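Novice: Predicted structure and sequence below. I'll ask about it afterward.
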Amino acid sequence: LDVEVPPREVEPALGKAVVESALTACASVAGVHVRFGAEVVEFSVAASNKGDAVRHLRDRTGATGILFVGDDATDEDAFAALAPADVGIKVGGGHSSARHRISGVAEVAEVFGVMAALRREWVAGRRLTRLERCSLLSDQRTLR
């Protein structure tokens, strides 16, 4: 297998050698799944992807909205798993099914800053009991 894109933050020749070594050692093992992204190689022992993870986390937590930010081809499964009320943001260029796009990492920080400000504003408008004042905590499955 010819590796065209070495891992991030590594001298290209060394990165290519490491990826080829990992592919030789892992990709031929029965049950190991390999996925290639932009400067990323993912190995897993479960046939799953980031879209499966988004669906699982939504079901497990009861999330009513998801913000997913990604910059890699392997993030496309997550973008495809988002519901209409969710927000998917593609970082950088290239084809994407994400409904929103920003140019780089600096803008990711800006998005998170805006989200934090909106959350603070929303919380300030509610009369919420501070968590440390609660005498009983429950996730409707367990008590603490």
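Specialist: On my side now, so go ahead. Residues are numbered from 1 along each chain as shown.
Novice: Can you report how many residues lie near residue 141?
Specialist: Residue 141: 5 surrounding residues under other Cβ atoms under 10 Å. (Glycine included, C-beta is placed from N, CA and C.)
Novice: before we move on, what SS does it have?
Specialist: When classified by DSSP: H, G, I helix; E, B strand; the rest coil, residue 141 comes out as coil.
Novice: where's it relative to residue 53, distance?
Specialist: Residue 141 sits 21 Å away from residue 53, going by Cβ to Cβ, to the nearest Å.
Novice: Residue 47 is in contact with residue 32, isn't it?
Specialist: No. Here residue 47 does not reach residue 32: they are 10.3 Å apart, not a contact under Cβ atoms under 8 Å.
Novice: Same drill for these two, tell me which one is more crowded.
Specialist: residue 32 (12 against 8).
Novice: what mean pLDDT would you report for the strand or helix carrying residue 20?
Specialist: Secondary structure from DSSP states H and E places residue 20 in helix 12-22. Mean pLDDT, helix 12-22: 83.
Novice: counting contacts, what elements does that helix pack onto?
Specialist: With contacts taken as 3 or more Cβ pairs under 8 Å, 6 or more residues apart in numbering; DSSP states H and E, helix 12-22 sits against strand 40-44.
Novice: residues of the strand it packs on that come out buried?
Specialist: With burial defined by 16 or more other Cβ atoms under 10 Å, the residues of strand 40-44 counted as buried are residue 41.
Novice: if you average pLDDT over the helix or strand following it, what comes out?
Specialist: Sequence-wise, the next helix or strand downstream of strand 40-44 (DSSP H and E) is helix 50-61. Averaged over helix 50-61, pLDDT sits at 94.
Novice: Same question for stretch 92-112.
Specialist: 95.
Novice: Secondary structure element holding residue 29?
Specialist: Per DSSP H and E, there is no helix or strand for residue 29.
Novice: and it, what pLDDT?
Specialist: Value for residue 29, per-residue pLDDT: 86.
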